[in-house]
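>>> Sequence and computational prediction follow.
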Amino acid sequence: MTTTRTSTPRHYLMCSPKHFEVSYEINPWMDVTRATDTARAVRQWENLRATYLAWGHTVDLIEPIPGLPDMVYAANGATVVDGLVYSAKFTYPERAAEGPAYQKWFADQGFVTQTAAETNEGEGDILMVGDVILGGSGFRTAVAAHAELAALTGREVVTLELVDPHYYHLDTALAVIDSDPASPLIAYYPPAFSAASQAVLAARYPDAIMASASDAVALGLNAVSDGRRVVVAPGAVDLAAQLRERGFEPFGVDTSELLKGGGGAKCCTLEIRRAQP
Ligand code: ARG
């Protein structure tokens, strides 16, 4: 028996890959000797944006800044929980200027923003599942940022340790499929996590979808779900089949050009969560 799933309207922030290129290497996917096709990146990104719009979601845009080629990965730009904006503070100097750029965008829109004291890469490592926040650490985000975020939001932040450099951000190893507090569901790739964190995930989410190695390497876990429809990398066929079995509707959206920077659909999508009335 499959459960009926429900889409809820989402509000996203995206940034065009107009200035996308791979001019430095800060994760194992990036190779400066491999050519990038910026026009193709823009076409793929436009298609992702059009998908969200066709589904009735709101997509705001931040102006890309020349010299910040990774700014397209909007998920890293900040974390927005209950209408509160926690700024990003990047690990690598190449991306440092993105934190203030995103924070300014939110301040200009009238959001209350909090400047992070601790190193964190926004929704790349901070994912909200129901009432809980999952915090990645190990490569980019400091465990101290999890505590800072918990104090700021009053929410529980569960630390998860990443151990495989290919899955350097939590959103490359774990996807939030259902964020409804009544029926939280995640998908993840266990080998990306330390043994202790695998045990935490298994205890908290006994019904989770386990992604295969081929799902993971296609960056299939960099997926975006609205509660029913799920944008997923076309190569993540096992994951798509499991989503269908559970009553979700996976949609393959090709972001292969952006994979050269080490990111997929979710990396390009920052969710703006308003305060619940
Ligand atoms: N080149 C970027 C970096 O290494 C890719 C970021 C991908 N974003 C994400 N949310 N996983 O920082």
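All right, it came through fine. Numbers count the residues shown, from 1 in each chain.

>>> and the longest helix along the chain, what other elements does it pack with?
In the chain, with assignment by DSSP state H, the single longest helix is helix 38-54. Packing partners of helix 38-54 (3 or more Cβ pairs under 8 Å, 6 or more residues apart in numbering; DSSP states H and E): strand 11-15, strand 58-62, helix 256-259. Yep, even glycine has a C-beta here, placed from its N, CA and C like the rest.

>>> can you tell me the average pLDDT over it?
For helix 38-54, the per-residue pLDDT values average out at 98.

>>> what residues does that helix touch?
Applying Cβ atoms under 8 Å, 6 or more residues apart in numbering, the external contacts of helix 38-54 come out as 10, 12, 14, 16-21, 59, 72, 231, 251, 253-258, 265, 268-269.

>>> List the contacts of Gly67.
So Gly67 contacts His19 (Cβ under 8 Å, 6+ apart).

>>> pLDDT value on it, please?
Note for Gly67: predicted pLDDT of 97.

>>> all helices of the stretch 51-200 of the chain, in order?
98-108, 143-153, 195-204 (DSSP state H, counting those that start in this stretch).

>>> I'd like the ones you listed laid out as a markdown table, including distance to Ala182.
Shown next, in a markdown table, are these (distance: least, Cβ to Cβ, whole Å):
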| stretch | distance to Ala182 |
| --- | --- |
| helix 98-108 | 29 |
| helix 143-153 | 20 |
| helix 195-204 | 16 |
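
>>> which one of those lies closest to Thr36?
helix 98-108 (18.3 Å; Cβ to Cβ).

>>> Would you mind putting the CA coordinates of that closest one into PDB?
What follows is helix 98-108, C-alpha atoms only, in PDB (Å, rounded to 0.1, in the frame of the first residue of the first chain):
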ATOM      1  CA  GLU A  98      29.200  34.900  -0.300                       C
ATOM      2  CA  GLY A  99      28.200  35.000   3.400                       C
ATOM      3  CA  PRO A 100      27.800  38.800   3.600                       C
ATOM      4  CA  ALA A 101      26.300  38.900   0.100                       C
ATOM      5  CA  TYR A 102      23.500  36.500   1.000                       C
ATOM      6  CA  GLN A 103      23.000  38.100   4.400                       C
ATOM      7  CA  LYS A 104      22.600  41.500   2.800                       C
ATOM      8  CA  TRP A 105      20.000  40.100   0.400                       C
ATOM      9  CA  PHE A 106      17.900  38.900   3.400                       C
ATOM     10  CA  ALA A 107      18.400  42.100   5.300                       C
ATOM     11  CA  ASP A 108      17.300  44.100   2.200                       C
END
